[in-house]
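> Structure for the following, please:
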Amino acid sequence: VQLAESGGGLVQPGGSLTLSCVNSGRTFESHYTGWFRRPPGKEREFVGVINFNGDWTSVSDSVKGRFTISRDHAANSVYLQMTMMKPEDTAVYYCAAGPLNGPEPYGYDYWGQGTQVTVSS
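You can find the predicted model right below:
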């Protein structure tokens, strides 16, 4: 499993951005793919997760109604669609894969390098 995020950048408050997570290595049908973020000066926090089939997702309360997760097996990719963005969404965003689907990082064995998202006018 080799994960790589892309799509980060600068966006204005209220704007939208979509992050991609590509897996260029082996895939596991038992694995979930999660999104985490690390705001400046803060701990890493859970954003959301999707199952392998793509028919189940869960997101944190802080992004519910604004962020959605989807996947495209043909592209070996998982996406984080972010809308109505706020300055507090500013963070380095990471995708991760592993056998668990909870909010704790220890459930994910493989991590990407992260991509910076900045929400500012």
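> Name the helix or strand for the most centrally placed residue in the chain, please.
Among the residues of the chain, W35 comes closest to the average C-alpha position under CA atoms, centre = their mean, at 2.7 Å. Under the assignment given by DSSP states H and E, the secondary-structure element containing W35 is strand 32-38.
> From the contact counts, what lies against that strand?
If contacts are counted by 3 or more CB pairs under 8 Å, 6 or more residues apart in numbering; DSSP states H and E, strand 32-38 sits against strand 17-23, strand 45-50, strand 67-72, strand 77-82, strand 91-98. Every C-beta, even on glycine, is put in place using the N, C-alpha and C of the backbone.
> Now with 7 Å, please.
Using 3 or more CB pairs under 7 Å, 6 or more residues apart in numbering; DSSP states H and E as the contact criterion, the secondary-structure elements in contact with strand 32-38 are strand 45-50, strand 91-98.
> Those: which one's closest to L3?
strand 91-98 (5.4 Å; CB to CB).
> what helices or strands is that closest one leaning on?
Applying 3+ CB pairs under 7 Å, 6+ apart, we find strand 91-98 packed against strand 3-6, strand 32-38, strand 110-111, strand 115-119.
> Off-centre distance for the shortest one?
Pointing back at strand 110-111 there. 12 Å (CA atoms, centre = their mean, to the nearest Å).
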